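S.K.: Sequence plus predicted model, see below.
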Amino acid sequence: MNSKIYPLQFEPILKERIWGGEKLKTVLNKPITSKITGESWELSTVDGDVSVIANGELKGKSLTEIIDESPNEILGSEVYNRFGKQFPLLFKYLDAREDLSIQVHPNDELAKKRHNSFGKTEMWYVMQAETDARIIVGFKEKSNPAEYLENVKNNSLLHILDDVKVKSGDVFFLEAGTVHAIGAGLLVAEIQQTSDVTYRLYDFDRVDANGKTRELHVDLALEAINFNKVDTYKRYTEEINQSNSVVDCPYFTTNFIPLDGKITVSKTEETFTVYMCVEGTFEIEYNESKFHYKKGDTVLLPAAMNSFIVNGKASILEIYIS
């Protein structure tokens, strides 16, 4: 047994945001020091923001280093065949004290052409929602570039966008091209392609501490936007101690595991798996060791971990590439 194969946790990469708050600390126990921390990047290989291992024999090594040394064992044979040594996903927790900007992300083709990047299809799992919290997703009715530009010009973009009231446990799947914004009062787990390309369409006329507005990308976004009406809400079952399918797309598969007791997991070595603990506590028993997790923890299970036991009382998002 390779002693360097075990469940991996990473140092959170914390991001101050104009819309951020303190729930990443008060609810998820992240080591934030600011009152406007909006994001905790849990697993990332974005340039300049590469995750560093926080536990065990590999502590202090970066995710890119261990993939470079053992791509098949970490990523899995199928993921390595498809993506090479690139880690294709980015995992975050977000605390929206205020509304995020109205934004859109390009698809793979446009992102490759403009930024030499992956596109950004993503999903949100709502961990906590204050009363009347909502998100903005897509258009109320099918739109077009002329209507979009006219409403941007008249500062009335919100009038043609759909907003949806949300509650804890809700899941939304946003394909690249979907205009969107996370609303105030939401704590969200986000799973997305590895990309940091965002086109901002409207920012509620906010200014930063220096009195400056943030840059908008109204024209750049034109080619990226899907002007059709979209259905982003995902319904899913919640069978205890089972992997309940939530999202299955070309970029990632996400299941919901309501854990109450002990389950034995056996899997192929074709893909890595990531667990995000969105409620409760659990442990993983592997290679005669126990690893403990609580709400807000994210753990990378290398592909070579093909058999282990999960035990506890928790709600877990299970993510892999199929």
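M.R.: In hand now; what should we look at?
S.K.: May I ask you to confirm that Ala96 is in contact with Ile136?
M.R.: No. Using Cβ atoms under 8 Å as the test, Ala96 is too far from Ile136 to be in contact (11.6 Å). For glycine as for every other residue, the C-beta is placed from the backbone atoms N, C-alpha and C.
S.K.: Among these two, which residue is more densely surrounded?
M.R.: Ala96 (24 against 21; other Cβ atoms under 10 Å).
S.K.: so what are the domain limits for the protein?
M.R.: Per automatic domain parsing, the structural domains of the chain span 13-234, 244-320.
S.K.: how far is the last one from where the chain is centred?
M.R.: This points to domain 244-320. 16 Å (Cα atoms, centre = their mean, to the nearest Å).
S.K.: any idea of the mean pLDDT in it?
M.R.: Averaged across domain 244-320, the pLDDT comes to 97.
S.K.: And for the longest one?
M.R.: For domain 13-234, the per-residue pLDDT values average out at 96.
S.K.: all helices for this structure, in order.
M.R.: Here the chain has its helices, by DSSP state H, at 23-26, 63-69, 71-75, 77-83, 108-115, 145-153, 218-222.
S.K.: which residues sit in contact with Asn144?
M.R.: In this structure, Asn144 makes contact with Phe227, judged by Cβ atoms under 8 Å, 6 or more residues apart in numbering.
S.K.: Any chance of the domains of the chain in a markdown table with distance to Pro7 as columns?
M.R.: Formatted as a markdown table, the domains of the chain follow (distance: least, Cβ to Cβ, whole Å):
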| stretch | distance to Pro7 |
| --- | --- |
| domain 13-234 | 8 |
| domain 244-320 | 5 |
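S.K.: residues contacting the residue lying closest to Tyr233 once chain neighbours are set aside?
M.R.: Leaving aside its sequence neighbours, Tyr233 sits nearest to Phe172 (Cβ to Cβ, 6 or more residues apart in numbering; 6.0 Å). Listed by Cβ under 8 Å, 6+ apart, the contact set of Phe172 reads Met123, Trp124, Val126, Ile135, Val137, Val164, Val166, Thr232, Tyr233, Lys234.
S.K.: So what pairs up with Phe172 in the strands?
M.R.: Trp124, Tyr233 (DSSP bridges).
S.K.: mind starting the numbering at 58 from now?
M.R.: Okay, residue one is now 58; in that scheme the one you just asked about reads as Phe229.
S.K.: any idea how far it lies from Ile89?
M.R.: Phe229 is 25 Å from Ile89, where distance means Cβ to Cβ, to the nearest Å.
S.K.: same question, Ile341
M.R.: 26 Å.
S.K.: And for Leu151?
M.R.: In terms of Cβ to Cβ, Leu151 sits 13 Å off from Ile89.
S.K.: Perfect, I'm done here.
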